[in-house]
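*Asks:* Here's a sequence, model it:
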Amino acid sequence: MSNTYRFDMNITICPNCHQAVEVPPQTQQVTCPSCRQSFQTPARKTGRLQLGDPNLPDTDRRAMLVAQDHKPLFPPPQIQGLFADGTVPEWKLDEALATWNGMRTKLASGPDPIAAEALYVLTLVLGSNQKLDDRVQRGLAESAVAVLSLPRHEQVLLSHLAMGAARRGDARSARLWLQRCDIHANDIQADSAWRVASAFAATAADRFEDVLALLEPDGVPWPIDDSMDPMAVCLRANAHEHLGRIDQGAAILASYFKEGGVSGQNAIQQIASRPGAVTLCEISLGKAEDAAKQEAAVAAGRMNRFIALILFGVAAFDALLTSVIIYAGWPTKNMSQFARTIRMRNMMINAGIWGVVFVALVVAGLVILIRGRTKQRIVQQGTKCRANILSLERTGTYVNNIPQYRLELEVTLPGQASYRASTKQLLDPAAAATMLGASIAVWVDPKYPKKVIIA
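*Replies:* Alright, predicted model coming up:
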C-alpha cells in the first residue's frame with residue numbers, strides 16, 4: 001500500500017478548498033493544484049519537546065499517569081455543535097473542516113489556548129474519520145502541528161503521524177516523526193501516544209522485546225490512556241505471539257474482551273483487521289475469540305435462565321395470590337343474591353387480571369429462555385464471519401442507561417455472496433460512533449442465515 005506518512009515529504013491542507021497538497025519538506029510558498037490558490041506554510045519544526053522531568057523515578061511517573069487515567073477527552077464548547085455520539089457525522093464534515101481551518105488561521109497569527117485545544121481535539125477526531133482520505137488525515141495532523149505551541153498537543157499528533165507510518169511498514173519514518181518527542185512526559189495522553197507509536201514502530205521493525213519494554217516494563221502493563229488502550233493491548237499480545245508465547249498473547253486479548261465487553265472486542269477486531277503492511281495477532285486473536293465464544297455461550301444461557309427463573313418465580317407467586325383472591329372472594333351462604341352476584345363479579349375481575357399477569361410472566365419467561373438457548377446454539381454451532389456495518393440507529397430501549405442499537409449489516413459468509421441482515425445490541429454511544437462502516441465479527445445461525453449475533 002502507498003505510504004502517505006513518509007517523513008521525507010510534507011502534506012498540508014489548502015486553506016481555500018481544504019484539499020491535501022503534497023510539497024517537498026521546508027517548502028513555504030505553496031500553490032494548490034486543485035483551486036490554484038497560493039498560500040504560505042510554516043517550516044517544519046525541529047526543536048525537542050519537553051513535557052516531564054527526566055530525573056523523576058518511573059514509580060513516581062507511573063503513579064502520576066495512573067491518577068490521570070480513565071478521564072475521557074471532551075470537545076471544547078466552541079466545537080461541541082459539530083459532534084454527535086462522540087464523532088463528527090458525515091453531513092457535518094465540510095463545516096468541521098472549515099471550522100478547523102479557521103482555528104488554524106487564528107493560531108498562525110499568535111497563541112490562543114482556547115483555539116489551540118479546540119483545534120487539537122478536532123484534528124484527533126477528524127484524523128480517525130474513515131470518510132476522509134488518508135492524505136487529508138495526514139495533512140490535518142501535520143498542519144496542526146505547525147501552528148500548535150503546547151508540547152502536549154504536538155507530541156500526540158506527531159505520534160499519530162508515526163503510527164500512520166508504522167502501519168505502512170515504514171519504521172524509519174515512524175522513528176523520524178517521533179524524534180522530537182519527550183520520552184519522560186508526565187501527561188498521560190502525550191506519554192501514551194509516544195509509547196504506543198514507538199511500540200508500533202518497533203513492531204514494524206520486528207523488535208518485539210522493545211515493544212514489551214515500552215508497554216509492559218518488568219511484566220506489568222504501563223498505564224495507557226483509554227483511547228489508546230485497544231492498540232496497546234493488540235501490540236502487547238502480538239509481541240508475545242511473535243516471541244513464541246501465543247497463549248499469553250491470547251490471554252491478554254481475552255482479558256481485554258472481558259473488561260471491555262462487545263465494544264472492547266470490536267475495537268480489537270477492527271485494529272487487527274485494518275489493512276496495512278503490519279498484521280497484528282494473527283494466531284492469538286483467533287484463540288482469544290474462541291475462548292470468548294465459549295464463555296459467551298455459557299453466559300448467554302446462564303443469564304437467560306436466571307431471568308426466566310425470576311419470571312417463573314413471580315408467576316408462581318401470582319398464581320398463589322390469584323388463589324387467595326378466589327378463596328377470599330368466594331361468596332358465603334348467608335349472603336343475599338345481590339351480594340353474592342357482586343362478590344362473584346369482583347372476584348372474577350380480580351382473578352382475571354392476575355390470571356393475565358400470570359400468563360404474561362410465563363410467556364415472557366419462556367421467550368427469554370428460548371432466546372438464551374437460541375443464542376447459545378448460534379455461538380456453539382454457527383459460522384463465524386465478517387460483516388460490514390451499513391447503518392446504526394437507536395431503538396429507544398435502554399438497559400442500565402445504555403442504549404440499544406439496531407445494526408444493519410452486510411454479511412459475507414465464506415464462499416457465498418454477501419447479503420443483508422440486522423441485529424440489536426447494547427452499545428456505548430462513543431463506541432457506536434466509531435463503528436459505522438467498520439468490519440466486525442458475527443456468528444450466523446446455521447438454520448436461519450439472516451439471524452446473526454455480534455461475536
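*Asks:* Which residue ranges of this structure form helices?
*Replies:* 58-68, 93-108, 113-126, 134-147, 151-167, 171-178, 188-204, 208-215, 229-242, 246-273, 284-329, 337-381, 429-433 (DSSP state H).
*Asks:* where does this structure dip in pLDDT?
*Replies:* Residues of the chain meeting the criterion pLDDT under 70: 1-2, 262, 296-304, 325-333, 336, 338-340, 343.
*Asks:* Could you measure from the residue of it most remote from its centre over to residue 345?
*Replies:* Relative to the mean C-alpha coordinate of the chain, counting by CA atoms, centre = their mean, the farthest residue is residue 334 (72.5 Å). As for residue 334, its distance to residue 345 is 19 Å (criterion: CB to CB, to the nearest Å). For glycine as for every other residue, the C-beta is placed from the backbone atoms N, C-alpha and C.
*Asks:* Kindly report the same for residue 413.
*Replies:* Residue 413 is 60 Å from residue 345, by CB to CB.
*Asks:* Of those two, which one has the most company?
*Replies:* Remark: of residue 413 and residue 345, residue 413 carries more neighbours, 16 against 11, as counted by other CB atoms under 10 Å.
*Asks:* Just list the residues touching the more buried one, thanks.
*Replies:* Residue 413 makes contact with 383, 385, 444, 449, according to CB atoms under 8 Å, 6 or more residues apart in numbering.
*Asks:* From the residues you listed, list the buried ones, please.
*Replies:* 383, 385, 444 (16 or more other CB atoms under 10 Å).
*Asks:* Dump those to JSON lines, plus distance to residue 214.
*Replies:* Converted to JSON lines, the buried ones among the contacts of residue 413 look like this (distance: CB to CB, whole Å):
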{"residue": "383", "distance to residue 214": "38"}
{"residue": "385", "distance to residue 214": "34"}
{"residue": "444", "distance to residue 214": "39"}
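*Asks:* ok, now which ones touch residue 311?
*Replies:* 361-362, 364-365, 368.
*Asks:* Tell me the one of these nearest residue 163?
*Replies:* Closest approach to residue 163 among the contacts of residue 311 (CB to CB): residue 368, at 44.0 Å.
*Asks:* My guess is the closest one contacts residue 308. True?
*Replies:* Yes: using CB atoms under 8 Å, residue 368 makes contact with residue 308 at a distance of 4.8 Å.
*Asks:* related to what we said a few turns ago, out of the helices of the chain, which is closest to residue 420?
*Replies:* helix 337-381 (17.9 Å).
*Asks:* of the helices of the chain, which approaches residue 453 most closely?
*Replies:* Nearest to residue 453, of all the helices of the chain, is helix 337-381, at 5.7 Å by CB to CB.
*Asks:* Mark out where each domain of the chain begins and ends.
*Replies:* According to automatic domain parsing, the chain comprises the domains 292-378, 382-454.
*Asks:* which stretch among those domains comes nearest residue 23?
*Replies:* Using CB to CB, the domains of the chain put domain 382-454 closest to residue 23, at 30.5 Å.
*Asks:* now that closest one, how far from the centre of its chain.
*Replies:* Taking CA atoms, centre = their mean, to the nearest Å, one finds the center of domain 382-454 at 14 Å from the center of the full chain.
*Asks:* can you tell me the distance between the two ends of it?
*Replies:* End-to-end distance of domain 382-454 (CA to CA, to the nearest Å): 12 Å.
*Asks:* ok, residue 149 - contacts?
*Replies:* Contacts of residue 149 by CB under 8 Å, 6+ apart are 107, 111, 116.
*Asks:* at 6 Å what do you get?
*Replies:* Taking CB atoms under 6 Å, 6 or more residues apart in numbering, we find residue 149 in contact with residue 111.
*Asks:* quick one: which of the contacts of residue 413 sit in strands?
*Replies:* The members of the contacts of residue 413 that map onto strands under DSSP state E are 383, 385, 444.
*Asks:* what's the closest non-adjacent residue to the first one?
*Replies:* Computed as CB to CB, 6 or more residues apart in numbering, the closest residue to residue 383 that is not its neighbour in sequence is residue 444, at 4.8 Å.
*Asks:* Please name the bridge partners of the one you found.
*Replies:* Counting by DSSP bridges, residue 444 forms beta bridges with residue 383, residue 452.
*Asks:* so how far is residue 273 from it?
*Replies:* Taken as CB to CB, the span from residue 444 to residue 273 is 17 Å.
*Asks:* Kindly report the same for residue 144.
*Replies:* 28 Å.
*Asks:* Then residue 401?
*Replies:* Distance from residue 401 to residue 273, by CB to CB: 30 Å.
*Asks:* For these two, indicate the residue with more neighbours.
*Replies:* Using other CB under 10 Å, the more surrounded residue of residue 401 and residue 273 is residue 273, with 16 against 5.
*Asks:* Show the contacting residues for the more buried one.
*Replies:* The contact partners of residue 273, by CB under 6 Å, 6+ apart, come to residue 439.
*Asks:* Same check on residue 38?
*Replies:* Here residue 38 is in contact with residue 31 (criterion: CB under 6 Å, 6+ apart).
*Asks:* for it, which residues make a bridge with it?
*Replies:* Under the criterion used (DSSP bridges), residue 38 bridges to residue 31.
*Asks:* so what's the spatially closest residue to residue 419 that is not a sequence neighbour bridging to?
*Replies:* Distance criterion CB to CB, 6+ apart; nearest residue to residue 419, sequence neighbours excluded, is residue 411 at 5.8 Å. Judged by DSSP bridges, the bridge partners of residue 411 are residue 387, residue 419.
*Asks:* ok so, going back, can you give me the distance of the residue nearest to residue 383 to residue 392?
*Replies:* For residue 444 relative to residue 392 (CB to CB), the value is 19 Å.
*Asks:* ok, now residue 159?
*Replies:* From residue 159 to residue 392 the distance is 29 Å (CB to CB).
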